[in-house]
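Enquirer: predicted model and sequence follow; I will ask about them next.
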Amino acid sequence: MPTNNAVDVDLLVIGAGPTGLFATYYAGFRGFRVAVVDSLPELGGQITAMYPEKQILDVAGFPSVKGRDLVEGLVAQAATADPTYLLDRTAMTLREDDDSVIIGLDDGTEVRAKAVLVTAGIGKFSPRPLPAGDGWLGRGLEFFVPSFAPYAGKDVVIVGGGDSAFDWALHLEPVARSVTLVHRREGFRAHQRTVDAVQASSVEIVTRAEVSAIRGNGVVESIEITVDGEASERPAQAVVAALGFVADLGPLQQWGLEVEKRHLVVAPSMRTNLARVFAAGDITEYPGKVRLIAVGFGEAATAVNNAAVVIDPSAHVFPGHSSEGS
């Protein structure tokens with residue numbers, strides 16, 4: 001990593017999640033010098049931060065792959081591009097030059113790039129708080145489950161009805177002493193296959209309910225669940241609040257990019273309304289958009305190949321197949 005405050009590359013990738021890592025590899029495949037900036041201190045984006053133990057089922061070529069294993073493979077693949085990683089830093093400002101874009105980071109570093117590819121997922125994200133959990137974070141209340149081992153032999157309460165809540169319930173069920181899933185409605189937002197698996201397990205599902213209080217002497221020892229106005233107490237040594245996230249595009253919103261519902265509007269080439277700025281992955285918006293990791297990989301290749309012509313006007317959009325001999 002450079003020690004000075006200036007970085008000069010062909011392509012700057014903003015976001016080091018799966019889409020950004022694959023874009024980094026692909027930029028190297030096209031022969032470009034590439035740098036990657038991410039506000040998190042580790043590579044892998046949301047997967048590393050929140051779902052490293054999750055089995056991912058919709059990546060081509062893998063019937064099932066654990067999140068951390070997918071990231072490990074993507075990091076190894078990206079390493080072939082010899083990228084410059086600028087982690088634990090936030091892209092703050094953008095200004096355009098005749099043949100480049102200059103991105104200012106929050107530590108004073110300036111990155112000059114001939115093109116920029118934004119793969120920042122949902123942007124900077126923060127978990128929605130559990131009203132009854134004020135003051136309990138780190139004392140038995142958590143928002144993420146990066147490792148299952150700390151929950152061994154415990155009574156675990158998971159609050160939420162989305163994919164994260166059901167994924168964690170399914171994975172913690174064989175580890176914990178008991179798992180209770182609490183949701184305020186009878187319907188769930190999670191994938192039906194996962195819902196069916198949890199319903200067939202020993203996990204207790206309590207609907208039309210909320211965790212109305214957390215009690216304990218310094219650490220969580222019990223929780224109060226209110227169902228249709230009636231409260232009851234049960235033992236719990238761990239509470240996971242899986243209530244979703246508040247996404248924020250942050251400084252990107254000041255760059256003059258066209259934004260629709262917190263997403264960047266792109267053309268079929270993955271180009272934004274700024275000539276040298278492209279986007280790929282969950283952050284993009286266009287008719288028919290589907291937010292899957294697999295889709296992000298394809299968008300990354302599309303974006304890099306179209307950025308190639310911006311980076312080098314003599315280049316071609318289609319590079320040939322990677323399986324072709326030289």
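Expert: Received, thanks.

Enquirer: walk me through the domains of the chain.
Expert: 6-125+246-311, 129-241 (automatic domain parsing).

Enquirer: which other helices and strands contact the helix or strand hosting A27?
Expert: Secondary structure from DSSP states H and E places A27 in helix 18-29. When contacts are defined as 3 or more Cβ pairs under 8 Å, 6 or more residues apart in numbering; DSSP states H and E, helix 18-29 sits against strand 6-14, strand 34-38, helix 45-50, helix 67-79, strand 110-118, helix 293-311. (C-beta placed from N, C-alpha, C; glycine too.)

Enquirer: quick one: which of those is nearest V179?
Expert: helix 45-50 (18.2 Å; Cβ to Cβ).

Enquirer: what strands line up against the very next helix or strand once past that closest one, and which way round?
Expert: Next helix or strand after helix 45-50 toward the C-terminus (DSSP H and E): strand 55-56. Sheet pairing of strand 55-56 (DSSP bridges) gives strand 65-66 (antiparallel).

Enquirer: what about the partner strand, average pLDDT?
Expert: Here strand 65-66 scores 92 as its mean pLDDT.

Enquirer: can you put the helices and strands packed on helix 18-29 in TSV and add distance to G162?
Expert: Listed next are these as TSV, based on distance: least, Cβ to Cβ, whole Å:
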stretch	distance to G162
strand 6-14	26
strand 34-38	24
helix 45-50	12
helix 67-79	17
strand 110-118	25
helix 293-311	17
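
Enquirer: where does pLDDT dip in the chain?
Expert: The chain contains residues with pLDDT under 70 at 1-4, 122-125, 247, 321-326.

Enquirer: in it, which residue is most central in space?
Expert: Q46 (2.8 Å; Cα atoms, centre = their mean).

Enquirer: so who does the nearest residue to N273 once chain neighbours are set aside touch?
Expert: The shortest distance from N273 to any non-neighbouring residue, by Cβ to Cβ, 6 or more residues apart in numbering, is to E258 (4.4 Å). Residues counted as contacts of E258 (Cβ atoms under 8 Å, 6 or more residues apart in numbering) are L264, V265, T272, N273.

Enquirer: now E258: how far from T180?
Expert: According to Cβ to Cβ, to the nearest Å, E258 stands 44 Å off from T180.

Enquirer: ditto for T194
Expert: 17 Å.

Enquirer: looking at those two, which is more packed in?
Expert: The residue with more neighbours, out of T194 and T180, is T180; 22 against 18, by other Cβ atoms under 10 Å.

Enquirer: wasn't the more buried one part of a strand?
Expert: Yes: with DSSP: H, G, I helix; E, B strand; the rest coil as the criterion, T180 is part of a strand.

Enquirer: does it really touch E204, like I thought?
Expert: Yes: between T180 and E204 a contact is recorded at 4.6 Å, counting by Cβ atoms under 8 Å.

Enquirer: please enumerate the helices of the stretch 151-300 of the chain.
Expert: In the stretch 151-300 of the chain, the segments counted as helices under DSSP state H, counting those that start in this stretch are 163-172, 192-199, 293-311.

Enquirer: looking at those, which is nearest to Y85?
Expert: Here helix 293-311 is closest among the helices of the stretch 151-300 of the chain (Cβ to Cβ), at 16.9 Å.

Enquirer: now do the closest one: which elements does it pack against?
Expert: Using 3+ Cβ pairs under 8 Å, 6+ apart: helix 293-311 touches strand 6-14, helix 18-29, strand 110-118, strand 277-279.

Enquirer: may I have the longest one as PDB, with CA atoms only?
Expert: Presented in PDB, the C-alpha positions along helix 18-29 are these (Å, rounded to 0.1, in the frame of the first residue of the first chain):
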ATOM      1  CA  PRO A  18     -17.800  -9.900  -4.100                       C
ATOM      2  CA  THR A  19     -18.700  -7.700  -7.100                       C
ATOM      3  CA  GLY A  20     -15.800  -5.300  -6.400                       C
ATOM      4  CA  LEU A  21     -13.300  -8.200  -6.000                       C
ATOM      5  CA  PHE A  22     -14.400  -9.900  -9.200                       C
ATOM      6  CA  ALA A  23     -14.200  -6.500 -11.000                       C
ATOM      7  CA  THR A  24     -10.600  -6.100  -9.600                       C
ATOM      8  CA  TYR A  25      -9.600  -9.500 -11.100                       C
ATOM      9  CA  TYR A  26     -11.300  -8.600 -14.400                       C
ATOM     10  CA  ALA A  27      -9.500  -5.300 -14.600                       C
ATOM     11  CA  GLY A  28      -6.200  -7.100 -14.200                       C
ATOM     12  CA  PHE A  29      -7.300  -9.500 -16.900                       C
END
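
Enquirer: before we move on, the earlier item: so for A238, which of the helices and strands packed on helix 18-29 sits nearest?
Expert: That would be helix 45-50 among the helices and strands packed on helix 18-29, by Cβ to Cβ, at 16.3 Å.

Enquirer: centre of the chain to stretch 58-75, how far?
Expert: Offset of stretch 58-75 from its chain centre (Cα atoms, centre = their mean, to the nearest Å): 14 Å.
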